[in-house]
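# the amino acid sequence is not available; the structure is as follows:
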Ligand code: SAM
């Protein structure tokens, strides 16, 4: 069977599934703090069927996200079921999860035992007070740090930390994060802030760019670039003594749409072909009307052919996405 490919010849191998629209954090750059979940969740059996059909079409990696995926009861069992699926070439899927880490300490080992391979923890400050101001939840920092350590102990390696920097808010965290990555032996990923927030806070001036992050980090220790694969979204660096790994995902200042291999499923079963899509494609509606697996495959292939060539952040013709990040699944 031909692999899932879009009309720009990009192979689509990476599926992200949001398994809930609920989140227990209210990060200032992501949510308004007033609105809760807007979209429904599906039974796990429905996500599982969707994942199986996608796997048969060439998806190799599945990342669970949300909302906050660890809030969803039954997630460990879902991972166990996903681990039974095989890709089109007969291999197990590479299973990963992105979480705010608040519930990770108690769930890391069960998730690993169920077949999860890797975890990414989002964290935007390495000091407890600042962390609480960003997440708008008290006492989260120690829990998240415990979650990171539990993930390492469980062997969910490499544990990656995602950090979004905003000017005037946490851009001074670059060097503390560099130290943190070395001390905790975790892979750090800075992500440029994209216009995908619920409140209108994005402007080009707020984005802390790749070049600026490198400059700030060099004041602590010089970084040396590590060669990266074409499909990788992050530019990767090591400190000059060989320790630590820092990646910078720079969709704003150095877009990588030409190498995009991703597709997303929202918690309510809609396919999104780009974070910045202005529409989505209702896969769940197809299932509800009784579509067979091969009809679902045809639907998915057609949707993938409509994947956008690139985003238009910062351009005059930019149109905001029809959903914000927390309701898509980052
Ligand atoms: N709750 C989980 C978590 O905190 O990782 C998963 C969902 S969260 C929406 C996924 C990631 O998106 C987080 O790393 C978050 O920092 C990032 N994110 C949210 N809004 C963003 C934005 N406007 N630009 C860049 N990254 C964003």
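Looks like it came in fine. Being a predicted model, the structure only gives us computed values, none of them experimental. Numbering: from 1, shown residues only.
# show me the contacts for residue 306.
7, 273, 281 (CB atoms under 8 Å, 6 or more residues apart in numbering). Heads up, the C-betas are built off the backbone N, CA and C, glycines and all.
# from what I see, residue 47 and residue 265 are in contact.
Yes. In this structure, residue 47 is within contact of residue 265 by CB atoms under 8 Å, at 7.2 Å.
# the two - which one has more neighbours?
Taking other CB atoms under 10 Å, residue 47 and residue 265 do not tie; residue 265 has more neighbours (28 against 23).
# ok, and the residue nearest to the more buried one when sequence neighbours are not counted, which helix or strand is that part of?
Excluding its sequence neighbours, the residue lying closest to residue 265 (CB to CB, 6 or more residues apart in numbering) is residue 17, at 4.7 Å. Element membership for residue 17 (DSSP states H and E) is strand 14-18.
# just checking: what are the partner strands of that strand?
strand 61-65 (parallel), strand 262-265 (parallel) (DSSP bridges).
# what would the contacts of residue 306 look like in a markdown table with secondary structure and pLDDT?
Output for the contacts of residue 306, formatted as a markdown table (DSSP: H, G, I helix; E, B strand; the rest coil; pLDDT from 0 to 100):
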| residue | secondary structure | pLDDT |
| --- | --- | --- |
| 7 | coil | 96 |
| 273 | coil | 98 |
| 281 | strand | 98 |
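# from these, list the buried ones, please.
Buried residues within the contacts of residue 306, counting neighbours by 16 or more other CB atoms under 10 Å: 273, 281.
# looking at it, residue 107 is touching residue 76, isn't it?
Yes. Residue 107 lies in contact with residue 76 (CB under 8 Å); the separation is 7.0 Å.
# okay, these two: which has more neighbours?
residue 107 (23 against 17).
# quick check: that one is in a strand.
No. Using DSSP: H, G, I helix; E, B strand; the rest coil, the assignment for residue 107 is helix, not a strand.
# return the member of the contacts of residue 306 nearest to the ligand.
Nearest to the ligand among those, counting by CB to the nearest ligand atom, is residue 273 at 17.8 Å.
# pretty sure the closest one contacts residue 310?
No. Between residue 273 and residue 310 there is no contact, the gap being 11.8 Å when judged by CB under 8 Å.
# the protein: strands as residue ranges?
Per DSSP state E, the chain carries strands over the ranges 14-18, 61-65, 94-99, 118-122, 160-165, 187-192, 223-226, 234-239, 245-249, 262-265, 270-272, 281-282.
# show me what contacts the closest residue in space to residue 268 that isn't next to it in sequence?
In this structure, residue 268 finds its nearest non-sequential neighbour in residue 39, 4.3 Å apart by CB to CB, 6+ apart. Neighbour list for residue 39: 21, 266, 267, 268, 327 [criterion: CB under 8 Å, 6+ apart].
# what's the spacing between residue 30 and residue 178?
Residue 30 sits 24 Å away from residue 178, going by CB to CB, to the nearest Å.
# coming back round to it: take the strands of the chain and lay them out in a markdown table including distance to residue 171.
Putting these into a markdown table (distance: least, CB to CB, whole Å) gives the following:
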| stretch | distance to residue 171 |
| --- | --- |
| strand 14-18 | 27 |
| strand 61-65 | 25 |
| strand 94-99 | 22 |
| strand 118-122 | 17 |
| strand 160-165 | 5 |
| strand 187-192 | 10 |
| strand 223-226 | 17 |
| strand 234-239 | 18 |
| strand 245-249 | 13 |
| strand 262-265 | 27 |
| strand 270-272 | 29 |
| strand 281-282 | 37 |
